[in-house]
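# turn this into a model:
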Amino acid sequence: MHRGLQFISGMAIGGLFIILCAGVVALLSMAPVLVQGGIASVYLGEPGQGVRISGHHLTCAQAPTIDRCTIQLEGTPLTLQVSYGDAERRIFHETARCEATYGDRPLGCDLHYYYGTGKLPILTIRESLGLSPSTLQRLYQDNFLIQFGGDNLLKQSTVIVVTCGVLAALSLSISSYPANPWVAIMMNGMAGLLGALMIRNPLHTLWGEWSLLVITGGAMAVGTIAWFCSRRVSRILYGFSGGLVITGFLWGFSLLLLILLGYAA
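Numbering: from 1, shown residues only. Next up, the predicted model:
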């Protein structure tokens, strides 16, 4: 029975790991911070109703104080131009401005920056270009990762990460416990520290600045008692703690990756 559960959980963890690796590759391929051009992305339409186009799909020409990018939409060029006050290209500066045209038609253009995208600006065009639903659908599919926004991407990655943690906890709980008790005790302590960080505010009300130390020490003490009293209970605690630690590590990695690649904009 245990071997069957171990095999199933191992296969599930392997599948999720492949999904995570594929997700990282996809994030790298569309990362705003890795755009080789003058514009990180441009949003067309009203907030929540339009579509965002990645700078990876723009054809750009750069001059000392001007970046000009274009993309063909239904046979008509959408031209985007970002002008800087001087060759230093100072970001977050009032001299930076953008202009946009769709064919011969001038469009209103807003420019802002986000630290995650580095020196590349993010543009917004709120006017309707009269694009067909099929064109909007194609743009959405070609740029699907940057449509979600940082919060939604983090929520989706959190679901995968928590699932990995639960499966890891199950696998560790039904497998043999570590031969060295310090491994299990330290794992319990790390899990206690992560748990204390997750619910720090209510714990801080109870124990103040000592809350992290109290919870971490308590978790290690419980792990020590369980090890010497019941190996079965110790194995369950070790599995739960291992799953929590893996979840915390993967979640932190996901958050850091999204921020560094510029998806939190």
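# so where's the stretch 1-150 of the chain shaky on pLDDT?
Applying pLDDT under 70 to the stretch 1-150 of the chain flags the ranges 1-7, 9-10, 87-94, 115-118, 149-150.
# in its sheet, what does the helix or strand containing Leu80 sit against?
Secondary structure assigned from DSSP states H and E places Leu80 in strand 76-83. The pairing partners recorded for strand 76-83 under DSSP bridges are strand 66-73 (antiparallel), strand 97-102 (antiparallel).
# tabulate those in JSON lines, adding columns for mean neighbour count and distance to Ile39.
Every C-beta, even on glycine, is put in place using the N, C-alpha and C of the backbone. Shown next, in JSON lines, are those (neighbours: other C-beta atoms under 10 Å; distance: least, C-beta to C-beta, whole Å):
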{"stretch": "strand 66-73", "mean neighbour count": "17", "distance to Ile39": "5"}
{"stretch": "strand 97-102", "mean neighbour count": "18", "distance to Ile39": "8"}
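# a markdown table for those, including distance to Thr247?
Listed next are those as a markdown table, based on distance: least, C-beta to C-beta, whole Å:
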| stretch | distance to Thr247 |
| --- | --- |
| strand 66-73 | 40 |
| strand 97-102 | 42 |
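# quick one: the strands in the stretch 101-250 of the chain?
All strands of the stretch 101-250 of the chain, identified by DSSP state E, counting those that start in this stretch, fall at 105-107, 110-112, 122-125.
# thinking again about what came up before, which stretch among the strands paired with strand 76-83 comes nearest Ser134?
Nearest to Ser134 among the strands paired with strand 76-83 is strand 66-73; the distance by C-beta to C-beta comes to 11.8 Å.
# give me the contact list for that closest one.
37-39, 53, 55, 57-62, 77-84, 102, 129, 131, 135, 139 (C-beta atoms under 8 Å, 6 or more residues apart in numbering).
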